[in-house]
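**Q** Turn this into a model:
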Amino acid sequence: MITCLAGGVGAARFLEGLVRAVPPADITAVVNTGDDTVLHGLHISPDLDTVTYTLAGAINREMGWGLEGESWAAMEALERYGGETWFRLGDRDLATHLYRTHQLGQGAPLSEVTAQITRAWGLELTLLPMTDDRVATRIKPPGREAIGFQEWFVGERHATPVEAVEFEGIAASTPAPGVIAALSDAEVVVVCPSNPIVSIGPILGVPGVADALRARRESVVAVSPIIAGKALKGPADTLMADLGHEASVAGVARLYAEVAGTLVVDEADHDQVAAVEAEGMRCVVTPTVMNGSESAAALASTVLGAAILDSGR
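**A** This is a model prediction of the structure:
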């Protein structure tokens, strides 16, 4: 079994390659839910949905979120009433949130609802939310009160500088059913090329998760989302810099060194191998830009090979 820590578009694309490299039923993805939000009374789980839609072949690839061929009648009608439309929800995407919210309201935990949704999309891998408890990523701009992650990421287009990131409710949370077993029993654990602060950070912050990874550190491999000092998509580089971390593969290594024994970096960072190794991690250099399913599958195969070699299996 292979277990992945996942959040965002980079993770979804990596998983799209991984299901081509190994049988999907052998994969478990533990997905960030710190990005979850409630809007229009609906519980929205952006990372869970992005992974689900991508693996189902239904994602809007141009936008990187939502469904291909979507219509927007509900948003247009809401705009007429002066409702909030800064967070765009397509008509078919709304059905996912309506279903999730109803099931949660009936008492089903998020992990159970997620399983129902992934089965409906015909996915064979297992998607687990990091926790069934409420954890909310909060962003604190300088001189302002902390705001919700989506308000910063979407509403302010992640252009506002960040003074601090908080994970509200994380100390009292517990891993969702199956999470610790998936991390402990997997042959390999992969930290996907996701934002290390707001995608992977919340997962590691759930009590018990980081400890489970430390216990098997040598068979945990992380993929850097930073290439030549930049993030291909999203604010990982600027967010790292705002919070005092070096926006480089060495900076990523410092964030992951306690829980992962190997860091996979892009060819553009071939000259940074020594800097990564200085942080106590083995460094593997390979093309990491995923331009399509074939390059994603090639990266997944390299990552698995690196992890298995590092664990001595």
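
**Q** Give the buried residues for the helix or strand harbouring Phe14.
**A** Assessed by DSSP states H and E, Phe14 sits inside helix 8-21. For helix 8-21, the neighbour count (16 or more other CB atoms under 10 Å) marks 8-19, 21 as buried. Quick note: C-beta positions are derived from backbone N, CA and C, even for glycine.

**Q** Show me how far it is from its chain's centre.
**A** Chain-centre distance of helix 8-21: 11 Å, with CA atoms, centre = their mean, to the nearest Å.

**Q** ok, now stretch 141-157?
**A** In terms of CA atoms, centre = their mean, the centre of stretch 141-157 is set 19 Å apart from its chain centre.

**Q** In three-state terms, label the closest residue to Ala278 other than its chain neighbours for me.
**A** Of all residues not flanking Ala278 in the chain, Ala250 sits nearest, at 7.6 Å (CB to CB, 6 or more residues apart in numbering). Secondary structure assignment for Ala250 (DSSP: H, G, I helix; E, B strand; the rest coil): helix.

**Q** what's around Ala250, how many residues?
**A** By other CB atoms under 10 Å, 23 other residues sit near Ala250.

**Q** just use 485 as the starting number from now, easier for me
**A** Got it, the first residue is 485 from now on, which makes the last one we talked about Ala734.

**Q** which residues touch it?
**A** Gln756, Ala759, Val760, Ala762, Glu763 (CB atoms under 8 Å, 6 or more residues apart in numbering).

**Q** For the third one, which three-state class applies?
**A** Under three-state DSSP, Val760 falls in the helix class.

**Q** I'd say it and Cys767 touch.
**A** Yes - counting by CB atoms under 8 Å, Val760 touches Cys767, with 4.0 Å between them.

**Q** Between the two, which is the more surrounded one?
**A** The residue with more neighbours, out of Val760 and Cys767, is Val760; 26 against 23, by other CB under 10 Å.

**Q** mind listing what that one touches?
**A** By CB under 8 Å, 6+ apart, the contact list for Val760 reads Val733, Ala734, Ala737, Leu747, Val749, Cys767.
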